[in-house]
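*Asks:* Let me see the structure of the following:
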Amino acid sequence: MIAAYHMLRHYLTHPLGRRDRLGTVARILRWQLGSRVLGTAATVPFVDGTRLLVRAGMHGATGNIYVGLMEFEGMAFVAHFLREGDVFVDVGANVGVYSILAASRGARVLALEPVPASYERLLDNVHINRFQEFVDARNIGAGAEGGTLRFSTNEDSTNHVLADDESCKHAVVVEVAPLDEIVQEATMLKVDVEGYEAEVLKGAGELLSKESLRAVLVELNGLGARYGFRDDEVRALLEACGFEQVRYEPFSRSLERTRRHYGSDNVLYVRNLEGARLRVKQAPVLRWKGIEI
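*Replies:* Below is the predicted model:
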């Protein structure tokens, strides 16, 4: 009961959940009951006419059933910032929520997901949205150098590279390569790899130095400590490449410099702040259950 209360409170205080509280409660109840009865994957509405294939236990994806954009600021920025013909690189794509969002705006997407089961679900979401033309999905990981790494496989959206001293009964060995060997140009880069962000960015020196890369969304929540990294190292690397940390407010479409951490694990960096502000101001409206963003 306590866990259910905290879950309900979380979604009802979400920026989109609190604008449609009755609808949010109804979607939570419908999914919690329906997914148990069905016992299989279900296709559910996402934003702007897109869909997601979701099954019980996919905690990283089900939040989007309840409130549309679970990671509100980061997802809304992706939707408002990207344009037709842009290139979005999604490192740690999981089942492809960000990739589908980017493709829906006309961007070309390179989605990297090392865990085979998550990769198959990523492909499912690409196919049901008929985004094969836009999304290049690859079952590989990214790191500072080429080779292989061991990944956990039973932790849903928190699957991660296993540290040298970390044991795991459910693991898989996957090929990894530096981003500089995988992609030459990108408009925006998203890196969500449960603490391995520093190693991914070390393998992307050339990509980060290019003016064509205009924004980076990176997860920073202290998990790098298990690999011996600090969040400050990632911040320093991005700032040395000319990026500055910003905070995005989707409803007003305001983009402001900040040095604070606002509770979200995702931290946004942009190059050319004024250019980014102009882009988001001019973007088409994003719609979720009658709410315009």
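*Asks:* Val126 - nearest residue in space that isn't next to it in sequence?
*Replies:* Closest residue in space to Val126, ignoring its immediate chain neighbours: Val135 at 4.7 Å, by C-beta to C-beta, 6 or more residues apart in numbering. Where you see a C-beta, it was placed from the backbone N, CA and C, and this is true even at glycine.
*Asks:* count of neighbours near Ile140?
*Replies:* 14 (other C-beta atoms under 10 Å).
*Asks:* ok, it - contacts?
*Replies:* Residues in contact with Ile140, defined by C-beta atoms under 8 Å, 6 or more residues apart in numbering, are 112, 114, 174-177, 182.
*Asks:* These: which two are farthest apart?
*Replies:* Checking these against each other with C-beta to C-beta, the farthest-apart pair comes out as Val174 and Ile182, at 13.8 Å.
*Asks:* re the thing from before, of the contacts of Ile140, just the buried ones, PyMOL syntax please.
*Replies:* Of the contacts of Ile140, the buried ones can be selected in PyMOL as follows, counting by 16 or more other C-beta atoms under 10 Å:
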select buried, resi 112+114+174+176+177+182
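*Asks:* now, which of the contacts of Ile140 sits nearest Tyr248?
*Replies:* Nearest to Tyr248 among the contacts of Ile140: Leu112, at 23.8 Å, using C-beta to C-beta.
*Asks:* Report the beta-bridge partners for the closest one.
*Replies:* According to DSSP bridges, the residues that bridge with Leu112 are Val91, Arg138.
*Asks:* any idea how far Gly92 is from it?
*Replies:* Leu112 sits 7 Å away from Gly92 when distances are taken as C-beta to C-beta, to the nearest Å.
*Asks:* repeat for Ala61
*Replies:* When Ala61 is compared with Gly92 (using C-beta to C-beta), they lie 14 Å apart.
*Asks:* List phi and psi for Ser254.
*Replies:* The phi/psi pair for Ser254 (degrees, to the nearest 10) reads phi -90, psi 140.
*Asks:* Run a quick check on it versus Tyr248, I expect a contact.
*Replies:* Yes - with contacts defined as C-beta atoms under 8 Å, Ser254 counts as touching Tyr248 at a distance of 7.4 Å.
*Asks:* Those two: which is more packed in?
*Replies:* For the pair Ser254 and Tyr248, the greater number of neighbours falls to Tyr248 (25 against 13), based on other C-beta under 10 Å.
*Asks:* Show me where the stretch 101-250 of the chain has its helices.
*Replies:* 116-128, 179-182, 197-202, 205-209, 231-240 (DSSP state H, counting those that start in this stretch).
*Asks:* Just name the most buried of the ones you listed.
*Replies:* For those, the largest average neighbour count (mean count of other C-beta atoms under 10 Å) is found in helix 197-202, namely a mean of 23.
*Asks:* Thanks again, I'm all set now.
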